[in-house]
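K.L.:
after the sequence you'll find the predicted model.
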Amino acid sequence: MAVNYSFLKVEDINRRYVYKFLKRLMDILGSIIGLLALSPLFFIIAMAIKKEEKYGPVFFSQTRIGKNEKEFKMYKFRSMCVDAEVKLEELLKHNEVEGAMFKIKDDPRVTKIGKFIRKTSIDELPQLLNVLKGDMSLVGPRPPLKREVEEYSTYDKQRLLIKPGCTGTWQINGRNDVGFDEMVKMDIGYIRNLSILNDIKIIFKTAWIMIKPNGAY
């Protein structure tokens, strides 16, 4: 099937009033239910993180770029050593993903519990707080770092026309096995065909992937 490389029309996205209302309603209800239902798991993971690194924080917050290039603090369970950001500079040359992303399969900064929660995507669950706040949606493009966006082309920046998501087409289609350019095409394809039904399908597929992980690391 041929790929549509035409640019998205912002006015078409902004006119999706019913979709945006239903999506926000689903985000609020989904994040509240998720936070309540998963609170026992949050406690277990927090204890495991503390057991491995007693003096390190349980949660990790990082500035990400959201809708219309607005900055926000994204929350995750800490899966790396406490000085991970300091060690990043020396690891950038080992990047295994082409384009404006950084990923290495055997990242030495990842802790033992970190490997498990990253593989199962449990580290992403605190982002439900971001969804409740309105910074993110349950489904949408992966929220990029500022240094990644600085490398974006005008075409790439189209993935910033909507709120980023806890999960999306990238996460259910191979995740780290997918290159940057392919991820951008997936995100733009998602935005071009926005629908609540598609969002629900992605959420269910994500739940399955958490049980049977794909290319996450």
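P.N.:
Right, received. Where do you want to start? None of the values given here were measured: they were computed from a predicted structure. Numbering: from 1, shown residues only.
K.L.:
from here on, contacts and neighbour counts on C-alpha atoms
P.N.:
Will do.
K.L.:
and residue 74, which of the three is it?
P.N.:
strand (DSSP: H, G, I helix; E, B strand; the rest coil).
K.L.:
do you know how far it is from residue 30?
P.N.:
With distances taken as C-alpha to C-alpha, to the nearest Å, residue 74 is found 18 Å from residue 30.
K.L.:
whichever helix in the chain runs longest - contacts with which helices or strands?
P.N.:
As assigned by DSSP state H, the longest helix anywhere in the chain is helix 17-37. Using 3 or more C-alpha pairs under 8 Å, 6 or more residues apart in numbering; DSSP states H and E, the elements in contact with helix 17-37 are helix 127-133, strand 137-139, helix 196-211.
K.L.:
now the strands for this protein?
P.N.:
59-65, 71-77, 137-139, 165-167 (DSSP state E).
K.L.:
highest mean neighbour count out of these?
P.N.:
strand 137-139 (a mean of 26; mean count of other C-alpha atoms under 10 Å).
K.L.:
so who does the most centrally placed residue in the chain touch?
P.N.:
By C-alpha atoms, centre = their mean, the chain has its centre lying nearest to residue 142, at 4.0 Å. Residues near residue 142 by C-alpha atoms under 8 Å, 6 or more residues apart in numbering: 164, 165, 166, 167, 168, 170.
K.L.:
farthest pair in those?
P.N.:
Spatially, the most separated pair among those is 164 and 170, at 11.8 Å (C-alpha to C-alpha).
K.L.:
now do the shared contacts for those two.
P.N.:
141, 142.
K.L.:
tell me the contacts of the residue lying closest to residue 121 once chain neighbours are set aside?
P.N.:
Nearest non-adjacent residue to residue 121, counting by C-alpha to C-alpha, 6 or more residues apart in numbering: residue 210, 6.2 Å away. Listed by C-alpha under 8 Å, 6+ apart, the contact set of residue 210 reads 120, 121, 122.
K.L.:
picking that back up, which residues touch the longest helix of the chain?
P.N.:
By C-alpha under 8 Å, 6+ apart, helix 17-37 touches 128, 129, 131, 132, 137, 138, 194, 195, 196.
K.L.:
residues contacting residue 126?
P.N.:
Neighbour list for residue 126: 75, 76, 77 [criterion: C-alpha under 8 Å, 6+ apart].
K.L.:
now the residues you listed as a markdown table including distance to residue 57 and pLDDT?
P.N.:
What follows is these, written out as a markdown table (distance: C-alpha to C-alpha, whole Å; pLDDT from 0 to 100):
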| residue | distance to residue 57 | pLDDT |
| --- | --- | --- |
| 75 | 12 | 97 |
| 76 | 11 | 95 |
| 77 | 9 | 96 |
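K.L.:
could you give the number of residues near the closest residue to residue 69 other than its chain neighbours?
P.N.:
Closest residue to residue 69 apart from its sequence neighbours, by C-alpha to C-alpha, 6+ apart: residue 160 at 6.4 Å. Residue 160: 23 surrounding residues under other C-alpha atoms under 10 Å.
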